[in-house]
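Asks: Fold the stuff below for me.
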Amino acid sequence: MRESAAPSTGGAPRKVCIGFLGFVDSLFSILVFAPLVVGYWRGCWQLMDQFLLPNNKQLSVATSLAMGVISGLLFCLLQRQLDVLFDHSRRPSLHLLASRLYTCVYCVCCVNHWRGVWAAWDLYTGISWQSGATSFGIGLTTLALTRGLKNILAPPFIVVTDHPTGYFHVPTLFSAQKDQCGYFLLDSVFTVVVTGSLVVFVWRGSWIFLDAKLFPEQPVYSAWGSMVLGMTVTLLVFMAQLVMIPCLRNIKRGLLKILVEDAYHTICFVGDVNVWRGVWMLLNIYLLPGLPVVSNLLTSVAGLVVLMCCYTSNTILVRGAVMDGAGDGSKSIVFPTHYLRFLHKKRAECSSRPDLWVRPEGVRPPLIISAPLEACLANKANGVCDGRGFGDRHSFVDGFGDGYSSTYNESEDKNPRPNSTFLSPGATPTTAFILRASLNDPSHSDSATQDATHKISDSHQTETVL
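Replies: Predicted coordinates for the structure are as follows:
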C-alpha cells in the first residue's frame, strides 16, 4: 500500500495546480510586470532627454550610443569573471549587493543603447512614417535572415526572475564557447552591436508608424487605441499557445518550424509594441503632466524598486540574444513568464528534502547514504551529501537569463532523479519512498530498510550505513 501511493504525487491535482499558476503568471506579466517595466524605461529615457546634454542633440545621441554599446560588450565579455567574483554559494552577502548594483547600472546602459540608436535614426532621417517603415523593414528582414527575430519580444512575453544562479549570464546569438576567445569576442560584438541595434530598428519603425497613422492629431485617442489594440492582441496570442504548443510539439527542426515561429512572434510583437506605446503615452498624459521630472523619477524609481521586491528586476534588462528555432518542438514559442510557478517549484524542492531527517522520537534506524565512489572523492561541495539546489534541469538562465525554455517536463526525463540528495540518480523513486517510510514509521524500519538496502546494492553504488 505504501509503495503504490508514491507515484500519485505527480498526478492530475499537480497538473491542475501548475496550469492555474500558469494562468495567473500570464495575468501578472500583462497587468503588473509589463507596466512596471515600461514605467522604468519611460522615466529613465525621458530623464536622459532632459539632462544628458540637452543643448547638443548630436553629442547627446553619441554619448548614449557609446555608453550603451561599450557597457553591453563589457558585461557580455566579463560575465564569467563576475560569476566567479560574486559567487553566491561562497559570498552570498557580496553577491546580493553586487547583483542589485549590476542591475541598476545595466538598466541605465540598456536604455542608453536604445536611445542612442533610436535618436540617431530620428536625427538623420526624420520622424515620418516613411522613415519608420524603412527602419522596420531593414530590422525585421535582417533579423529574420540571421535567425534573431525572436529577440524583438519584450514584457509581457518575458519575465526574468532574480535567481542567483546565472545572474550575470548574457547569452550570445551563436552560443560561442567562452574558451574560444576569438570566436566568443566576435559573437559578443555581433550580438550587442548588430542584433541589439536591429531590434531597436524594428521597435522604432513600428512606433513611429503608429505615431503617424493612429490618431496623429489626438494623443489621448492614440494612446488608448494602442492600449486596446495591444491588450487584445496580447491576450489572443497567449490563448493561441493552447493550439500552437500541441501543433509544434513533435516538430524538432526545419525551415517550416522557423517560419511558423517567426510569423507567430511577429504577431506577438504587434501586441507588445502597442502595449508599451499605450502605457508610455498614458503615463505622459495622466501622471503629473505639469511636473515631468517628478513624473519620470517616480515611474523609474518605483518600477525598479517594486520589481526588485518582486524578485523580477532582471525583466527590465535587454541583454544577449537567442536564435530562432533553437529549441526542439514547442519550446521556442512558450513564453517564459514563470513567476508563481518558479516560487512554487522552489517551495516544493525545499519541502521535499527534510523528509529523511525526520524520525520518531527515541528511534534511530540506520540511514543509508548511496553515492558513486568517484563522486564522493571528487568535486563535492558538501562531501557525500550533494545539495544541488539549482542544478540539472533547474536552471533559469537559458535564453534570456530566464530562458525561453526554463520549464522542465519530468515525464520527458529518461532517468528521473529521486526526491532525495542521499540517493544516486540511478535509484528509483520507490526505493526513496521505502527509505522515507522506514524512517517515519518505526514498526517498518527494520524490514523496509533491509529491502531498500538490497535494492540499492544492485546499482553498483558505494553504501555507508550510519
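
Asks: now the lengthiest helix in the chain, how far from the chain's geometric center?
Replies: Longest helix of the chain, by residue count under DSSP state H: helix 92-125. Offset of helix 92-125 from its chain centre (C-alpha atoms, centre = their mean, to the nearest Å): 17 Å.

Asks: before we move on, what about stretch 55-68?
Replies: 30 Å.

Asks: quick one on the thing from earlier: which strands and helices sit next to the longest helix of the chain?
Replies: helix 34-51, helix 57-77, helix 79-85, helix 129-145, helix 196-213, helix 292-309 (3 or more C-beta pairs under 8 Å, 6 or more residues apart in numbering; DSSP states H and E). Placement of C-beta: from N, CA and C, glycine included.

Asks: by how many degrees do that helix and helix 129-145 diverge?
Replies: Comparing the axes of helix 92-125 and helix 129-145 via axes from the mean of the first three to the mean of the last three C-alpha atoms, to 10 degrees yields an angle of 130 degrees.

Asks: mind listing what's buried in helix 92-125?
Replies: By neighbour count on 16 or more other C-beta atoms under 10 Å, the buried set for helix 92-125 is 95, 98-99, 102-103, 106-122.

Asks: Same check on stretch 34-52?
Replies: In stretch 34-52, counting by 16+ other C-beta under 10 Å, buried: 34-48, 52.

Asks: looking at the protein, which helix or strand is least sure?
Replies: Every helix and strand in the chain was compared by mean pLDDT, DSSP states H and E; the lowest is helix 373-377, with a mean of 35.

Asks: Count the neighbours of the closest residue to residue 159 other than its chain neighbours for me.
Replies: Among residues not flanking residue 159 along the chain, residue 337 sits closest, at 4.6 Å (C-beta to C-beta, 6 or more residues apart in numbering). Residue 337 has 26 neighbours, counted by other C-beta atoms under 10 Å.

Asks: I'd say residue 337 and residue 156 touch.
Replies: Yes: if you go by C-beta atoms under 8 Å, residue 337 and residue 156 touch, sitting 7.3 Å apart.

Asks: Now do stretch 58-69, average pLDDT.
Replies: Averaging pLDDT along stretch 58-69 gives 96.

Asks: So which bits of that stretch are buried?
Replies: 60, 61, 62, 63, 64, 65, 67, 68, 69.

Asks: rewinding a little: can I get the helices and strands packed on helix 92-125 in TSV with distance to residue 321?
Replies: Shown next, in TSV, are the helices and strands packed on helix 92-125 (distance: least, C-beta to C-beta, whole Å):
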stretch	distance to residue 321
helix 34-51	18
helix 57-77	10
helix 79-85	14
helix 129-145	10
helix 196-213	7
helix 292-309	22
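
Asks: Select, out of the ones you listed, the one closest to residue 167.
Replies: For residue 167, the closest of the helices and strands packed on helix 92-125 is helix 79-85, at 7.8 Å, according to C-beta to C-beta.

Asks: Just the C-alphas of that closest one, formatted as PDB.
Replies: The C-alpha atoms that make up helix 79-85 are tabulated as PDB, following Å, rounded to 0.1, in the frame of the first residue of the first chain:
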ATOM      1  CA  GLN A  79      30.200  37.500 -17.400                       C
ATOM      2  CA  ARG A  80      32.400  34.600 -16.300                       C
ATOM      3  CA  GLN A  81      34.600  36.800 -14.200                       C
ATOM      4  CA  LEU A  82      31.500  38.300 -12.500                       C
ATOM      5  CA  ASP A  83      30.100  34.900 -11.800                       C
ATOM      6  CA  VAL A  84      33.400  33.800 -10.100                       C
ATOM      7  CA  LEU A  85      34.000  37.000  -8.200                       C
END
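
Asks: Which neighbouring elements make contact with it?
Replies: On a contact count with 3+ C-beta pairs under 8 Å, 6+ apart, helix 79-85 meets helix 92-125.

Asks: now the angle from the helix it packs on to helix 292-309?
Replies: Counting by the same axes, to 10 degrees, helix 92-125 lies at 140 degrees to helix 292-309.

Asks: for the stretch 301-450 of the chain, what are the low-confidence residue spans?
Replies: Residues of the stretch 301-450 of the chain meeting the criterion pLDDT under 70: 350-450.

Asks: what's the nearest residue to residue 319 if we skip its chain neighbours?
Replies: With C-beta to C-beta, 6+ apart, the residue lying closest to residue 319 is residue 170, at 5.0 Å.

Asks: which residues does that neighbour contact?
Replies: 75, 76, 79, 319, 320, 401 (C-beta atoms under 8 Å, 6 or more residues apart in numbering).

Asks: Now distance to residue 275 too, for the buried residues of stretch 58-69, in CSV please.
Replies: Formatted as CSV, the buried residues of stretch 58-69 follow (distance: C-beta to C-beta, whole Å):
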residue, distance to residue 275
60, 28
61, 26
62, 31
63, 29
64, 24
65, 26
67, 27
68, 23
69, 27
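
Asks: that older thread, may I ask which helix or strand encompasses the residue nearest to residue 319?
Replies: Element membership for residue 170 (DSSP states H and E) is empty, with no helix or strand holding it.

Asks: And the pLDDT for it?
Replies: 94.

Asks: Verify the stated contact: residue 95 with residue 84.
Replies: No: Residue 95 lies out of contact with residue 84 (C-beta under 8 Å); the separation is 11.2 Å.

Asks: which residues do those two both contact?
Replies: With C-beta under 8 Å, 6+ apart, residue 95 and residue 84 have no common neighbours.

Asks: quick one: contacts for the residue nearest to residue 115 when sequence neighbours are not counted?
Replies: Excluding its sequence neighbours, the residue lying closest to residue 115 (C-beta to C-beta, 6+ apart) is residue 64, at 4.6 Å. Contact analysis of residue 64 by C-beta under 8 Å, 6+ apart lists 48, 52, 112, 113, 115, 116, 119.

Asks: State the pLDDT value of residue 245.
Replies: 87.
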